[in-house]
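Q: Predicted model follows, preceded by the sequence.
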Amino acid sequence: MSSCLSSGQLRSRICDATPPALVDVRKPPARQASGLMIAGSVRCLHDQVDYWGPKMTGAVVVYCVHGREVSQGVCSALRAIGVDAAYLEGGIEGWRLAGLPVVPISEAE
């Protein structure tokens, strides 16, 4: 998998027979301020990737707010330990602006 996926590419991959695990790695204040998440994603703390990263199996796509430092750093850390990882270009904001589905955090957890 390429290390960067557009919102459209991720949307297509989610519909695959073996979709990637979708991981929300936003910093807690940004996540709480948004109140939204991409449906089907799980929450993992970006600064604990050394703990949860080795437990990931299969393809993984991480996202942060804008697809910059946080998600790119986590993606690099995952790839360094052999995980098939990518980050979402534009982050959750790009996903949301593309009109793709988000859900309130309280409903998803």
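A: Yes, it's here. The structure presented is a predicted model; accordingly, all values stated were derived computationally and were not measured.

Q: Got phi/psi on the nearest residue to L36 once chain neighbours are set aside?
A: When the adjacent residues along the chain are set aside, L36 lies closest to V102, with 4.3 Å between them (Cβ to Cβ, 6 or more residues apart in numbering). To be clear about C-beta, it is placed using only N, CA and C from the backbone, and glycine gets the same treatment. Taking degrees, to the nearest 10, you get phi -130, psi 160 for the backbone angles of V102.

Q: Contact partners for V102?
A: 36-39, 92, 95-96 (Cβ atoms under 8 Å, 6 or more residues apart in numbering).

Q: what's the answer for C44, then?
A: Per Cβ under 8 Å, 6+ apart, neighbours of C44: 23-25, 52.

Q: residues contacting K27?
A: So K27 contacts 46, 64, 70 (Cβ under 8 Å, 6+ apart).

Q: Same check on V61?
A: 5, 10, 13, 20-23, 85-88.

Q: what does V103 give?
A: Neighbouring residues of V103 by Cβ under 8 Å, 6+ apart: 36-39.

Q: And it, how close does it get to G73?
A: From V103 across to G73, the span is 25 Å (Cβ to Cβ, to the nearest Å).

Q: same deal with H46?
A: Distance of H46 to G73, computed by Cβ to Cβ: 7 Å.

Q: Are any of the contacts of C44 buried, and if so which?
A: 23-25 (16 or more other Cβ atoms under 10 Å).

Q: Tell me where this structure is predicted with low confidence.
A: 1, 107-109 (pLDDT under 70).

Q: Run through the neighbouring helices and strands of the lengthiest helix in the chain.
A: In the chain, with assignment by DSSP state H, the single longest helix is helix 69-80. If you count contacts as 3 or more Cβ pairs under 8 Å, 6 or more residues apart in numbering; DSSP states H and E, helix 69-80 packs onto helix 49-52, strand 60-63, strand 85-88.

Q: Alright, I will stop here.
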